[in-house]
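1. could you work out the structure for the sequence below:
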Amino acid sequence: MENEFRCINCKRMVCHNPYVGTVHRNHCPFCLYSKHVDEKTAGDRKSECQAKMVPIGLTFKKDSPLEEKEGELMLIHRCSNCGKISINRIAGDDFQDEILEIFKRSKGDEELRKKLEAQNIKLLGSQDETEIKAQLFGIS
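-> Have a look, this model is predicted:
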């Protein structure tokens with residue numbers, strides 16, 4: 001099948017599921033790793049890098065910098081080879097416990113926070129935990 005792939009990290013097969021809220025499946029729902037396949041836009045599959053994209057943190061999508069309400073929860077990936085940062089939608093079948101583990105590992109990383117802020121990306125921290133859980137589990 002064209003939309004299935006073997007995870008570059010955990011080696012599990014990942015199949016396209018049209019009901020999980022994303023058109024271009026770009027990461028494994030089990031370990032949340034991705035592969036550097038897109039160059040400029042989601043789904044372009046033009047990158048020559050092809051290295052592991054490591055999930056390094058979470059952020060909120062904002063349609064506008066003036067928006068006050070937190071947007072959709074997003075994964076932040078960093079390429080293990082070239083360092084490219086990408087922000088990706090969380091799919092409905094992604095392991096929620098793994099998403100929380102990524103959050104826990106990143107929330108105290110001040111060096112990572114500064115690097116991402118330099119690229120206008122807000123790394124989520126302890127103050128965002130209630131909203132993260134609300135989006136993942138529907139609890140507040």
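2. contacts, neighbours, all on C-alpha from now
-> Noted.
3. which element follows the longest strand seen in the chain toward the C-terminus?
-> Of all segments of type strand in the chain, defined using DSSP state E, the longest is strand 52-60. On the C-terminal side of strand 52-60, the nearest following helix or strand under DSSP states H and E is strand 73-79.
4. so where's this structure shaky on pLDDT?
-> Within the chain, the ranges that satisfy pLDDT under 70 run 1-2, 18-24, 63-69, 140.
5. so where do the strands sit in it?
-> Remark: strands assigned in the chain by DSSP E are 5-6, 13-14, 34-35, 52-60, 73-79, 85-89.
6. which helix runs longest in this structure?
-> helix 96-106 (DSSP state H).
7. list the helices and strands that one packs on?
-> strand 52-60 (3 or more CA pairs under 8 Å, 6 or more residues apart in numbering; DSSP states H and E).
8. and the angle from the strand it packs on to strand 73-79?
-> Between strand 52-60 and strand 73-79, the angle comes out at 150 degrees (axes from the mean of the first three to the mean of the last three CA atoms, to 10 degrees).
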